[in-house]
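1. below is the sequence, then the predicted model.
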Amino acid sequence: MRIGTRGSQLALAQAHETRSRLMEAHGLSEDRFEIVVIKTSGDMIQDRPLSEVGGKGLFTKEIEVALLDGSIDLAVHSSKDMPTVLPEGLEISTFLPREDVRDAFISPKAATLADLPEGAVVGSSSLRRQAMIRRLRPDISVVTYRGNLQTRLRKLEEGQVDATLLAAAGLKRLGLDEVVTSLLETEDFLPAVGQGAICIETRQNDRETLELLSAIHDRQTEICLLAERAFLKELDGSCRTPIGGLARLEGGRISFRGLILKPDGSEVHETSREGDAEDAAALGADAGQELKARGGPDFFAH
Ligand SMILES: NCc1[nH]cc(CCC(=O)O)c1CC(=O)O
């Protein structure tokens, strides 16, 4: 079985986690799996914010080509990086149990975002994080900041910025939890849709692979992601719109919160829904439609 992945350290950690879970679930040895590293356009472009190049899909296209032509059998992704519309013939069939969904605050200068001194510089490449920071701390200057996790942490150490925000889940998977200064609670700082959830993309009707994967699938995560991705799909018009969304499942009930922001943080529209787990997708879509209407056309125009 061939497992396709990007070559970043985070992507490799996620591919290894998937392989370990498959080995354990089925009592298979490591040599039954080959990890195939695929370079994507997103990996090759390092000098510009991805939102300027075309955003989502940049980390998946080449991998999806490999899935479709049969050179890999499954592809491991961060749900957060997945477009809401997939190529014909492919599907997200599997979600692993979700990691911590929160954003982590990392700084040698302050314990929390609120404690940063006036005029501090925060590095982030995420439009959502940039807009949320500007909304909470209009005095802070936000600079665009790309590169892999290790590069970003080094820039922080070198003092090029005073703080940065990264997904707690990615840091955990890399064994870098100890760099986290504090965690941003989701009440104040809503994560990206899909944050913390590894998903697996497969060919539709590839029975053998789907059967193998069903043993490691997490239904709870799938339900939450159904709501979040349906929400995102309604708003997807522009990848330059900062969007946050999070669903939680408890006792068969789903609760969802979503928001859209202006990039400068000057305007925000937030909504929430509660309902039956069975209605996850409809509930997310409904929340997305509400925010789309409230934001109006100019909210999404750039
Ligand atoms: N866009 C990059 C990306 N895609 C997924 C993660 C973290 C892992 C996850 O959310 O599952 C990250 C890095 C980050 O946002 O800090």
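-> That came through fine.
2. what are the ranges of the strands in the stretch 201-302 of the chain?
-> Secondary structure of the stretch 201-302 of the chain (DSSP state E, counting those that start in this stretch): strands at 243-250, 253-261, 268-276.
3. repeat that for the stretch 51-200 of the chain.
-> Counting by DSSP E, counting those that start in this stretch, the strands of the stretch 51-200 of the chain are 74-78, 90-95, 103-106, 121-123, 141-143, 163-167, 182-184, 198-203.
4. walk me through which strands the fourth one pairs with, and which way each runs.
-> When pairs are called by DSSP bridges, strand 121-123 turns out to pair with strand 141-143 (parallel), strand 163-167 (parallel).
5. other residues contacting the last one?
-> If I follow you right, that is strand 163-167. For strand 163-167, contacts defined as C-beta atoms under 8 Å, 6 or more residues apart in numbering pick out 80, 102-107, 109-110, 113, 116, 120-124, 126, 129, 133, 145, 149, 152-153, 155-156, 181, 184, 191-192, 195-196. Heads up, the C-betas are built off the backbone N, CA and C, glycines and all.
6. okay, the strands paired with strand 121-123, which one's buried deepest?
-> Of those, the one with the most neighbours on average (mean count of other C-beta atoms under 10 Å) is strand 163-167, at a mean of 24.
7. and it, average pLDDT?
-> The average pLDDT within strand 163-167 is 96.
8. chain center to that strand, what's the gap?
-> 14 Å (C-alpha atoms, centre = their mean, to the nearest Å).
9. what residue spans form the domains of the chain?
-> 1-98+197-217, 103-184, 219-296 (automatic domain parsing).
10. could I get those as JSON lines with distance to the ligand?
-> Below are those laid out as JSON lines (distance: least, C-beta to the nearest ligand atom, whole Å):
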{"stretch": "domain 1-98+197-217", "distance to the ligand": "3"}
{"stretch": "domain 103-184", "distance to the ligand": "3"}
{"stretch": "domain 219-296", "distance to the ligand": "11"}
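11. tell me how far stretch 295-302 lies from the chain's centre.
-> With C-alpha atoms, centre = their mean, you get 23 Å for stretch 295-302.
12. tell me the buried residues in it?
-> Of the residues in stretch 295-302, 295, 299 count as buried by neighbour count, 16 or more other C-beta atoms under 10 Å.
13. re earlier: in TSV: the strands of the stretch 201-302 of the chain, plus distance to residue 25 and mean neighbour count.
-> Formatted as TSV, the strands of the stretch 201-302 of the chain follow (distance: least, C-beta to C-beta, whole Å; neighbours: other C-beta atoms under 10 Å):
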stretch	distance to residue 25	mean neighbour count
strand 243-250	22	21
strand 253-261	27	21
strand 268-276	29	15
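14. Serialize the ones you listed to TSV and add fields for distance to residue 58 and mean pLDDT.
-> Converted to TSV, these look like this (distance: least, C-beta to C-beta, whole Å; pLDDT from 0 to 100):
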stretch	distance to residue 58	mean pLDDT
strand 243-250	17	97
strand 253-261	22	97
strand 268-276	27	98
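15. middle-most residue in this structure, spatially?
-> In the chain, the residue lying closest to the centroid (C-alpha atoms, centre = their mean) is residue 80, at 2.2 Å.
16. show the contacting residues for the nearest residue to it once chain neighbours are set aside.
-> Distances taken as C-beta to C-beta, 6 or more residues apart in numbering put residue 194 closest to residue 80, at 4.1 Å, once the chain neighbours are dropped. Taking C-beta under 8 Å, 6+ apart, we find residue 194 in contact with 78-82, 225, 228-229.
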